[in-house]
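Colleague: fold the following and give me the result.
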Amino acid sequence: MSQPVAVRSAGGKGLGVFALRDFCAGEVLLVGRLVAPVEERTEHSFQVDWNRHVQLDSPARLTNHSCEPNTGLRDNTEGGYDFVALRPIAAGSEICWDYASTEWESIAVPSCLCGSACCRGASLGFRHLTSQQMKALGGFVARYLATPGSTVPGTA
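Modeller: Model (predicted):
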């Protein structure tokens, strides 16, 4: 199944993923499928549990971070994440998500290039988000982060 997105240059950010058509809020833009678990996290791995990082297929692994994302992530049955429009997205727009929505402690964006008025300067990770920033994600965070009663390893 071809996805209605394309990978192309995102300027100074390298490659990015762009919408080929308009999307409505709540619509799935692409499905990120598990390729393989990774021994050590990388700038392109996705955290799916407290001690588990995986590599997802392309184009999912090429989506860029934004501190003011147009896309949220939710766990899927493919071992990865569905990318869901948080608001209407016009054709030609870059698909961006907040890396903190899956990463407890993020290493991927030490110096943010998102250009948002609310840029945090780095992706940092979920544990660094304020309650207002968490609310802006609309509940689209990795299941392991959203599970009530979850504790970080070593803190229980």
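Colleague: quick one: low-confidence parts of the chain?
Modeller: Where the chain drops to pLDDT under 70, the residues are 1-2, 148-156.
Colleague: one more pass at 80, please.
Modeller: 1-3, 147-156 (pLDDT under 80).
Colleague: tell me where it has helices.
Modeller: Using DSSP state H, the helices of the chain run over residues 131-136, 143-146.
Colleague: right, so the ones you listed: which one is the most enclosed?
Modeller: Each of the helices of the chain was scored by mean neighbour count; the highest is helix 143-146, a mean of 17, by mean count of other Cβ atoms under 10 Å. All C-beta atoms are positioned from the backbone trio N, CA, C, and that covers glycine.
Colleague: quick revisit: who wins for proximity to Cys118 among the helices of the chain?
Modeller: helix 131-136 (8.3 Å; Cβ to Cβ).
Colleague: give me the contacts around the closest one.
Modeller: 68, 100, 120, 126, 141 (Cβ atoms under 8 Å, 6 or more residues apart in numbering).
Colleague: how many neighbouring residues does the fourth one have?
Modeller: Counted by other Cβ atoms under 10 Å, the residues lying close to Phe126 total 24.
Colleague: so it is in contact with Asp98, correct?
Modeller: No - using Cβ atoms under 8 Å, Phe126 is not in contact with Asp98, being 9.1 Å away.
Colleague: okay, the helices of the chain in CSV with distance to Gly80 next?
Modeller: Formatted as CSV, the helices of the chain follow (distance: least, Cβ to Cβ, whole Å):
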stretch, distance to Gly80
helix 131-136, 22
helix 143-146, 12
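Colleague: so for Gln3, which of those helices sits nearest?
Modeller: helix 143-146 (22.4 Å).
Colleague: which strands or helices does the closest one pack on?
Modeller: Contact here means 3 or more Cβ pairs under 8 Å, 6 or more residues apart in numbering; DSSP states H and E; on that basis helix 143-146 packs against strand 46-49.
Colleague: using CSV, list the CA coordinates for the strand it packs on.
Modeller: The C-alpha trace of strand 46-49 is given here as CSV (Å, rounded to 0.1, in the frame of the first residue of the first chain):
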residue,chain,number,x,y,z
PHE,A,46,12.0,5.0,18.3
GLN,A,47,11.4,4.2,22.0
VAL,A,48,8.5,1.8,22.3
ASP,A,49,8.9,0.8,26.0
